[in-house]
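Peer 1: Give the three-dimensional model of this entry:
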Amino acid sequence: PKKVANELILEDAKKPFSLTNKKPLFRFILIKVESNQYWFFLNFHHIVFDGFSFNVFLDEMKTLYEAYDRGLPIPLKNLQIQYRDYISWINKASKKDRIKKQIAWWMNKLLGASPCLNLPTYKPRTSIHTNKGSAIEFSIEQDLLKDLQRISKDTETSLFMILLSIFYVLLHRYTGKNDIITGIPVTGRDKYELNSLIGCFINTIPLRVKFSREDSFRDILKLIKNECIEALNNQEVPFELLIKNLKIKRSSNQSPLYQVMFNMLPELEVNQIGDLELEVQNPDRKMAHCDLSLSFQESSKGLLGIFEYNTELFETDSIKRIVLHYKKITKEIINNIDCPINKLPILLDSELKKQMIEWNEQQIAYSNTESILQLFEKSAEKNPNAIAIIFENKKWTFEEINKQSNIVAHTLLSLGIRSEDKIAVILERTPEFIIGILGIVKAGGVYIPVDSLEPNDRINSILQDSNPFCILTNSYLKKCYINHKI
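Peer 2: Numbering: from 1, shown residues only. Predicted structure coming up:
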């Protein structure tokens, strides 16, 4: 029954609402899954319902259910205002000087901001943005939550600000950027009368934070606290009106101003209706409102976190790794809140082992009967056009290196070099240095590398002690060693 019920819910969730006819913009389904268990599915269009409305809805449903169960009249009081009153107020407020001042504040705040965050994605961004998504849930355990609440008290900040600051640090470590914009939903219910209304009051503010990689987490937290306070004081400007005034050119493959969001959902205030125990769950998420979003919700079990992501850009394993890195940063800042954010450990022990040990295990079983010269020439014969050296803006193939080193070897042989004669190599760290060494080995000689940056007296002393058959150098360095055979 539960499998069938879940399929019914997902099927209904995919059905669109029509804004052009008079049908309700919500649907309810009540499903009996066991003898004493029911699933009550609520599906609202966002235009008539926001996250804050859910607690209002549950509270009124609780009141009505319990009154009906006891045979009592409807106890709900008449609302002081209706949603249409709020819309009328918004339309009038948009023309007031206060809103104009807030628009001016945002114009200044977002001046020169770059909307592109460039998170490392599994797939390249397509030309058309899609909302195909999924989500991964995780939890911040009670012990960790208590530590965060302690930091909240010590720094006179909210839990929201701490969790948001950790998110900014995570984004910085993933992108290297220190000027980041995150979309922050706000309830838009700045008047007491609005708290009892069901509707869409939500607005999104683009929180821009600029910081330095040398800043400590305490510095970031203080900065974000100030930015949040200022932004909330200017939250009345609707996001669409802000975009219009900023004259941002819309793109078909990404959201304007920000690609990531952060939200703190209100704790559910109703967990029992009459004699019914209530447990709220979200169906499988198949949509993503932006590239990546992180939301939290407090509960009796701790702190529930949800990473929602666009499946056209990210794979599940990447998001699981992001979750682990977020939790890693959380633990590190609890231990050392004054650590610079660029030095905060972010990698897990398993990742460190992979990078430091496993990826550096370069032991390869070479033939015991072939010299390095034979192995090189075999590679040159097998893959002549493969790139052997990249230096500055030039690339050298195996065939080119092999031919040039053969020229060096033949030149040395023509000079009369014998087996194990010493050849001093005085060259800068260039492809010619490698070519020279290969040519010497091919001719049967022994090379003596001499650092061309050493003082001339030091170089001449090395040459006198080693007494090389000749020196391999270039015309620029040749004048320094006129007392030796070049």
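Peer 1: Would you agree Ser139 falls within a strand?
Peer 2: Yes. Assessed with DSSP: H, G, I helix; E, B strand; the rest coil, Ser139 lies in a strand.
Peer 1: Name the nearest residue to it, ignoring sequence neighbours.
Peer 2: Nearest residue to Ser139, sequence neighbours excluded (Cβ to Cβ, 6 or more residues apart in numbering): Gly302, at 5.3 Å. The way it works is simple: take the backbone N, C-alpha and C, and place the C-beta from them, glycine included.
Peer 1: Leu294 versus that neighbour, what's the distance?
Peer 2: 16 Å (Cβ to Cβ, to the nearest Å).
Peer 1: Neighbour count for the two, which is higher?
Peer 2: Leu294 (24 against 15; other Cβ atoms under 10 Å).
Peer 1: How about the contacts made by the more buried one?
Peer 2: Residues near Leu294 by Cβ atoms under 8 Å, 6 or more residues apart in numbering: Phe167, Val260, Met261, Phe262, Asn263, Gly305, Ile306, Phe307, Glu308, Tyr326.
Peer 1: Any chance of the backbone angles for the residue nearest to Ser139?
Peer 2: Taking degrees, to the nearest 10, you get phi 130, psi -140 for the backbone angles of Gly302.
Peer 1: does it have beta-bridge partners, and which?
Peer 2: Ser299 (DSSP bridges).
Peer 1: Do I have it right that it meets Gln142?
Peer 2: Yes. The criterion here is Cβ atoms under 8 Å, and Gly302 meets it with Gln142 at 4.8 Å.
Peer 1: where along the stretch 151-300 of the chain do the helices fall?
Peer 2: Remark: helices assigned in the stretch 151-300 of the chain by DSSP state H, counting those that start in this stretch are 159-175, 217-232, 239-246.
Peer 1: list the buried ones in the shortest one?
Peer 2: Okay, so that is helix 239-246. For helix 239-246, the neighbour count (16 or more other Cβ atoms under 10 Å) marks Phe239, Leu241, Leu242, Ile243, Leu246 as buried.
Peer 1: which regions of the stretch 351-486 of the chain lie under the pLDDT threshold?
Peer 2: Low-confidence segments of the stretch 351-486 of the chain (pLDDT under 70): 364, 366-367, 476-486.
Peer 1: just so I have it, where are all the helices in it?
Peer 2: 372-382, 398-414, 431-442, 456-466, 475-478.
Peer 1: can you map out the strands along the stretch 251-400 of the chain?
Peer 2: Using DSSP state E, counting those that start in this stretch, the strands found in the stretch 251-400 of the chain span residues 260-265, 272-273, 276-277, 292-299, 302-310, 387-391, 394-397.
Peer 1: Kindly confirm my reading that Glu11 is in a helix.
Peer 2: Yes. Remark: Glu11 belongs to a helix, assigned using three-state DSSP.
Peer 1: Next one: it, what pLDDT does it get?
Peer 2: Looking at Glu11, its pLDDT is 87.
Peer 1: What is the neighbour count of it?
Peer 2: 9.
Peer 1: distance of Glu358 from Glu392?
Peer 2: 32 Å.
Peer 1: so where is this structure shaky, pLDDT-wise?
Peer 2: Ranges of the chain meeting pLDDT under 70: 93-95, 252, 283-285, 364, 366-367, 476-486.
Peer 1: As a quick check, tell me the outermost residue of it.
Peer 2: What lies farthest from the middle of the chain is Gly416; by Cα atoms, centre = their mean that is 62.8 Å.
Peer 1: just checking, Leu242 touches Trp105?
Peer 2: No. Taking Cβ under 8 Å as the definition, Leu242 is not a contact partner of Trp105, at 10.5 Å.
Peer 1: Please enumerate the shared neighbours of these two.
Peer 2: Counting by Cβ under 8 Å, 6+ apart, nothing touches both Leu242 and Trp105.
Peer 1: quick one: what helix or strand has Pro124 in it?
Peer 2: Per DSSP states H and E: Pro124 is located in neither a helix nor a strand.
Peer 1: Near it, how many other residues are there?
Peer 2: For Pro124, using other Cβ under 10 Å, the count is 7.
Peer 1: cool, Ser251 as well?
Peer 2: Ser251: 13 neighbours (other Cβ under 10 Å).
Peer 1: quick one, what contacts it?
Peer 2: His129.
Peer 1: For Met61, see how far away it is.
Peer 2: For Ser251 relative to Met61 (Cβ to Cβ), the value is 41 Å.
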